[in-house]
Structure formats: structure tokens, C-alpha cells
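[1] Show me the folded form of this:
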Amino acid sequence: MLDHQNTQPNIVVAAMYKFVQLPDYTEMRASLHKYCTDLNIKGTILLAQEGLNGTVAGSRPAIDALIDYLHSDSRLTDLEAKFSLVDDMPFLRMKVKLKKEIVTMGIPETDPTELNGQRVDAKDWNTLISDPEVLLIDTRNEYEYGIGTFKNAVSPETQTFREFPAYVKHHLNPQKHKKIAMFCTGGIRCEKSTNYLLKQGFENVYHLNGGILKYLEEIPGNESLWEGDCFVFDGRVSVDQNLQEGEYEQCFACRHPISAEDMQSSHYVEGISCPHCINTVSKHNRARFIERQRQITLAKSRNQQHLGVNPRIESTADKNTASGIKQS
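    Sure, this is the predicted structure:
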């Protein structure tokens, strides 16, 4: 729980997930959505047979109440959340969605509740990844890796988490890679990726307990082996070493994080294109983005909020359900 003695006027962002069998997940949706909306909590929660995954934001009392509400379900009593503070609400609305998987790998037999890698706490992570025999793999997508990662980490160069099994098949070998350490934003992707590797015959498989966010929360900057920013699936786009909002924006067309330098490019047109997608956006989509941006600009001129079209807030999680919603 958060410290209620802190009187700073900040909004609490809570990222959480748990793999657990929820055969009644469809019935859980309505009551969970109502509970959140009654507390003016916003964000997205995914429910599936295999568990729960989400990132939400609200006042301290509201977020604490939600965690207590979830803990009241005997299957979720040990659900943990990672908290951060922001000055502005990073979501536009509350969504509770039903999914086949809470993080999509596309391998039905993957079950983290039966087997996964050795969890390594943040305080022990530096020692592990400094071992020259350890192959350190960033299980996140290439655009996440591109703005920040651990020193000497390898990127699978994936665009979605569905591509991870193919990366394993073509680039990893149980006979050659004796020790593998993996990490992701909040830990959820590693639960599945370590399960998958162990089933492929890899023996010494480790993952960062609590993910990058827990590491940044617990490890002082002067001891950290993290380099750059960490991409997060909300309106902040990224957080820095101190878990403060980073300097990246986000391209509406491709959702890629973009730097100040990117925004100086002739290929950057707000809401329409950036250097990362200028050659990949179809004429149809470009026309759609132009009209959408026109509507956003019009709404701003009228001092109105145009719901559903804020590129930094609204669509990132939906696009990235396959790679782990929000910060998880």
C-alpha cells in the first residue's frame, strides 16, 4: 500500500498482473468495471482464463480500495502492484476487457502457474547479469528496447511478443546457451518466456522479479546497470531512472516512441507520421490520420477533449496487448 502521509497532489498509477485460473472471468467483468468507475479510476484491465493484467490510475484512496477489492478474491490475495506517481491522469477512460491471454504469446500450452524460471530480486540482478556466461535477453519489443535497456542486453528484434518463440527457435540453443537471464517491464512477459524456454530444454533460466520498474524503484542510480528510459504503456510514454516521466512523445500512426530529434525531422507530422513509419503507412491510413488530427485540432480550438484520439493515452495498450499491457 501507499503512504497516505504523502500529501503531494499526485495521481497514483498502479500496474499489476497475476497468472491464476479464473474460469469465471467473464462474470467478473461488469462488477470490476463498475467498482473502478465508481471510484473514478481509469485505465485498462485485461481478464482471461489464465489471469488478470492491467494498469490503472486514480487517487490514493481509490487505488488502495481497488487493491483491497481484488485481494478479497481468494485467488488474488497475493496480487502485487507496482506504483508510481504522476501529476496528470494518464488515461481517458476505464476499460475491462476479456481476452484469450493476458499477454499474448500464441502458444496455448504455455502455463506459468506450473513452471517458470528462477526469480531474481532487484538487489541480486547486477551480480547475475555481470556474469560473462549469462546471456541477457530483453523480451520486450524493439521499439521499447530502442529507448532504454540493461547494459549488454540482447534484443530479439520483435515487433510483438508473438514473435518470441520464433526468435528462440532460430537464435537460441540449449547446448550452447547454458545460462539465460530475461527481463521485461513488469515481469509478465518473462513468466511466459521462461516457461517456454524451460519446455524447450533450456535448464538455467532466470528472470528479473518485478521487472524493470521494480529494479528502478529499488536500485540507486549510482548502482544501476540500466541505460536510458523505460517505455511504459500509458500517457507518460517513458519513465527515467527515477521513475519520473521521460522526454519521449509518441507517434499516433505507429505508436513508436519519438525523441525531440525525431520531431525535428521532415518526416514528422503530428498525429500523422514520423521517421519510423513514414514509408510504411498506407495512403488509406494516412488519410484517416489526417482527418483524425484535424478533429483533434478542432477540439483543442474549442477547448474540448476529443475522446479516443489522444495518441499518447488511448491506443497504446490496445496495440500492445500482444506484448504485455502497460507496464507489465
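
[2] Report all helices and strands that the host helix or strand of Asp68 contacts.
    Element membership for Asp68 (DSSP states H and E) is helix 60-71. Under the contact definition 3 or more C-beta pairs under 8 Å, 6 or more residues apart in numbering; DSSP states H and E, helix 60-71 sits against strand 11-19, helix 25-38, strand 51-58. The way it works is simple: take the backbone N, C-alpha and C, and place the C-beta from them, glycine included.

[3] of all these, which lies closest to Leu128?
    For these, proximity to Leu128 was assessed by C-beta to C-beta; strand 11-19 is nearest, at 22.5 Å.

[4] tally of neighbours for Gln293?
    18 (other C-beta atoms under 10 Å).

[5] That one belongs to a strand?
    No. Counting by DSSP: H, G, I helix; E, B strand; the rest coil, Gln293 is located in no strand; its state is helix.

[6] and the helices and strands packed on helix 60-71 as JSON lines, adding mean pLDDT?
    What follows is those, written out as JSON lines (pLDDT from 0 to 100):
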{"stretch": "strand 11-19", "mean pLDDT": "94"}
{"stretch": "helix 25-38", "mean pLDDT": "98"}
{"stretch": "strand 51-58", "mean pLDDT": "96"}
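
[7] how about the helices in the protein?
    25-38, 60-71, 122-129, 142-145, 164-171, 188-199, 211-218, 260-263, 283-301, 316-319 (DSSP state H).

[8] Pick the most buried one from those helices.
    Mean neighbour count (mean count of other C-beta atoms under 10 Å) peaks for helix 188-199 among the helices of the chain, with a mean of 24.

[9] got the angle between that one and strand 51-58?
    Orientation of helix 188-199 against strand 51-58 (axes from the mean of the first three to the mean of the last three C-alpha atoms, to 10 degrees) gives an angle of 160 degrees.

[10] Make 3 the first number, not 1, from now on.
    In the new numbering, first residue 3, that becomes helix 190-201.

[11] which other residues reach helix 190-201?
    Where contact means C-beta atoms under 8 Å, 6 or more residues apart in numbering, the residues beyond helix 190-201 that reach it are 19, 21, 55, 104-105, 107, 109, 111-114, 116-119, 141-142, 163, 166-167, 170, 174, 182, 184-186, 207-210, 213, 325-326, 330.

[12] which of those residues count as buried?
    By neighbour count, with 16 or more other C-beta atoms under 10 Å, the contacts of helix 190-201 hold 19, 21, 55, 104-105, 107, 112-114, 118-119, 141-142, 163, 166-167, 170, 174, 182, 184-186, 207-210, 213, 325-326, 330 as buried.

[13] How about Tyr208: which residues does it bridge to?
    Gln120, Ala183 (DSSP bridges).

[14] show me what contacts it?
    Gly119, Gln120, Arg121, Val122, Leu130, Val136, Lys181, Ile182, Ala183, Met184, Thr196.

[15] Please give me every residue in contact with the third one.
    Arg121 makes contact with Tyr208, His209, Asn211 under the criterion C-beta under 8 Å, 6+ apart.

[16] Tell me who's in contact with the last one.
    Put plainly, it is Asn211. So Asn211 contacts Arg121, Val122, Asp123, Ala124, Gly189 (C-beta under 8 Å, 6+ apart).

[17] what's the spacing between the closest residue to Leu54 other than its chain neighbours and Thr79?
    Nearest residue to Leu54, sequence neighbours excluded (C-beta to C-beta, 6 or more residues apart in numbering): Lys20, at 5.6 Å. Computed with C-beta to C-beta, to the nearest Å, the distance linking Lys20 and Thr79 is 10 Å.

[18] what about those two, which has more around it?
    More crowded of Lys20 and Thr79, by other C-beta under 10 Å: Lys20, with 22 against 10.

[19] Wait, the more buried one touches Gly53, no?
    Yes. Lys20 lies in contact with Gly53 (C-beta atoms under 8 Å); the separation is 5.1 Å.

[20] got a markdown table for the contacts of Tyr208, with pLDDT and distance to Arg31 too?
    Formatted as a markdown table, these follow (pLDDT from 0 to 100; distance: C-beta to C-beta, whole Å):
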| residue | pLDDT | distance to Arg31 |
| --- | --- | --- |
| Gly119 | 93 | 31 |
| Gln120 | 96 | 34 |
| Arg121 | 96 | 30 |
| Val122 | 97 | 34 |
| Leu130 | 98 | 39 |
| Val136 | 98 | 41 |
| Lys181 | 97 | 41 |
| Ile182 | 98 | 37 |
| Ala183 | 98 | 36 |
| Met184 | 98 | 31 |
| Thr196 | 96 | 29 |
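
[21] No further queries at this time; thank you.
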